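Q: what's the 3D shape of this:
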Amino acid sequence: MYEGSITDVSGLLVGHAQDTQALTGVTVVLSSNGAVCGVDVRGSAPGTRETDFMGQAKAVKQAHAVVLAGGSAYGLAAADGVMTFCERQDIGLGTPDGIVPIVPAAVIYDLGYGRNDVRPNAGMGYAACVNAGARVQQGSIGAGIGATVGKVLGMKCCQKGGIGTASVFLGDGATVGALVCVNAFGDIVENGDIIAGAIRGGKHVGTVQHMISGKTDTHVFKNMNTTIGVVATDALLDKDGATKLAQASHDGLARSIAPVHTELDGDTMFGLSYGGRAGDLSALCVAAAEATRRAVVNAVLAIGVESL
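A: Numbers count the residues shown, from 1 in each chain. Alright, predicted model coming up:
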């Protein structure tokens, strides 16, 4: 496994909460002092909340937490609990009438794995905040407890996905870390080899080749996937720079998930700038792609590769 975590960006905290019977959960990245935030959505079936403010000409510049959750669109409710936690900790955007925490969120579709009638809610979001710390557990935990990968042959032939994190330290002193919830339609690859994905007869099928062969009726798996995550740096960036960081992180997804950004996925990555050091944006973007790639690989290696 690769070393490091998103909390190597000093001040960021990560917390998980999950229902181990229903197999769904929440992962929260807390940025209590407010992080400049950007987003990039590449998949065709996203589920998100509070992303409009990240565009240019929008007054709000910072987010105080980012929520990754299971439960499909239902799971967006977990952000309500994160807002409550932040409000009680006096974390948020100051207004004349009180604190307003800014909490963007993205969700994965995990309703076909555990129970589909139990989803992350405000209570689970609040619990994830209470559990937040600098040590990040990986694998089948938090938003990743219901994550799966390699669904070209259906759920009966897929393998477990999960939560992964990693970091890259640049020579100029800057840090870039990534946290990814891997729930991909495609396979997870490392050095050209499939390490998790669609499996039949004890062997990986190879989703890309299987689809090229024309054997797959992919409409069956619409909206049942999505890889979501956060990439962060302690270098000072504006919203354009944070968005560029998020864009670059998708290169890391493309290097570790095959295929990626399909009609069947809602791949969404947030970019955070949480610090004030100088940094070269091009180098930070290169590091963002690599940290994200490593995090995806760690997500499946952390739990051991297992079939459902």
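Q: can you tell me which residues contact the nearest residue to Asp187 once chain neighbours are set aside?
A: The shortest distance from Asp187 to any non-neighbouring residue, by Cβ to Cβ, 6 or more residues apart in numbering, is to Gly197 (2.8 Å). From N, CA and C alone the C-beta is placed, and that goes for glycine too. By Cβ atoms under 8 Å, 6 or more residues apart in numbering, Gly197 lies in contact with 149-150, 158-159, 186-188, 204-207.
Q: who touches Ser10 in this structure?
A: By Cβ under 8 Å, 6+ apart, the residues touching Ser10 are 175, 234, 275.
Q: Take those residues and keep only those in strands.
A: Using DSSP state E, the subset of the contacts of Ser10 located in strands is 175, 234, 275.
Q: Is it correct that the second one is in contact with Ala278?
A: No. With contacts counted by Cβ atoms under 8 Å, Asp234 stays clear of Ala278, the gap being 10.4 Å.
Q: buried ones in the helix or strand hosting Gly94?
A: Following DSSP states H and E, one finds Gly94 within strand 93-95. Going by neighbour count (16 or more other Cβ atoms under 10 Å), the buried part of strand 93-95 is Leu93.
Q: Can you classify the one residue sitting closest to the centre of the chain by secondary structure?
A: Centroid-nearest residue in the chain, with Cα atoms, centre = their mean: Gly229, separated by 1.9 Å. Three-state call for Gly229 (DSSP: H, G, I helix; E, B strand; the rest coil): strand.
Q: Repeat that for Gln21.
A: Per three-state DSSP, Gln21 ends up coil.
Q: neighbours around it, how many?
A: As a burial measure, Gln21 scores 9 neighbours (other Cβ atoms under 10 Å).
Q: Kindly report the same for Ala196.
A: Ala196: 31 surrounding residues under other Cβ under 10 Å.
Q: just Thr24 next, same as before
A: Residues near Thr24, counting by other Cβ under 10 Å, number 31.
Q: Distance of the residue lying closest to it once chain neighbours are set aside relative to Gln89?
A: Leaving aside its chain neighbours, Thr24 sits nearest to Gly70 (3.8 Å; criterion: Cβ to Cβ, 6+ apart). Distance of Gly70 to Gln89, computed by Cβ to Cβ, to the nearest Å: 25 Å.
Q: In the protein, which helix is the longest?
A: helix 281-301 (DSSP state H).
Q: buried stuff in that helix?
A: Residues 281, 283-301 are the ones in helix 281-301 that count as buried (16+ other Cβ under 10 Å).
Q: which SS state does Val226 fall under?
A: Not Val; residue 226 is Thr. Taking three-state DSSP as the rule, one finds Thr226 in the coil state.
Q: Okay, and Ala246 sits in which element?
A: Going by DSSP H and E, Ala246 is part of helix 239-256.
Q: Strand partners (parallel or antiparallel) of the longest strand seen in the chain?
A: Ranked by number of residues, the top strand in the chain under DSSP E is strand 24-41. In the sheet, strand 24-41 lines up against strand 13-19 (antiparallel), strand 62-69 (antiparallel), strand 268-277 (antiparallel) (DSSP bridges).
Q: now the strands for the stretch 51-200 of the chain?
A: Along the stretch 51-200 of the chain, counting by DSSP state E, counting those that start in this stretch, strands occupy 62-69, 93-95, 98-100, 105-107, 148-149, 159-160, 162-169, 175-182, 187-190, 193-196, 199-200.
Q: Select, out of the ones you listed, the one closest to Ser44.
A: Of all the strands of the stretch 51-200 of the chain, it is strand 105-107 that lies closest to Ser44, at 14.1 Å by Cβ to Cβ.
Q: how far does that closest one sit from the chain's center?
A: On the basis of Cα atoms, centre = their mean, to the nearest Å, strand 105-107 sits 8 Å off its chain's mean C-alpha point.
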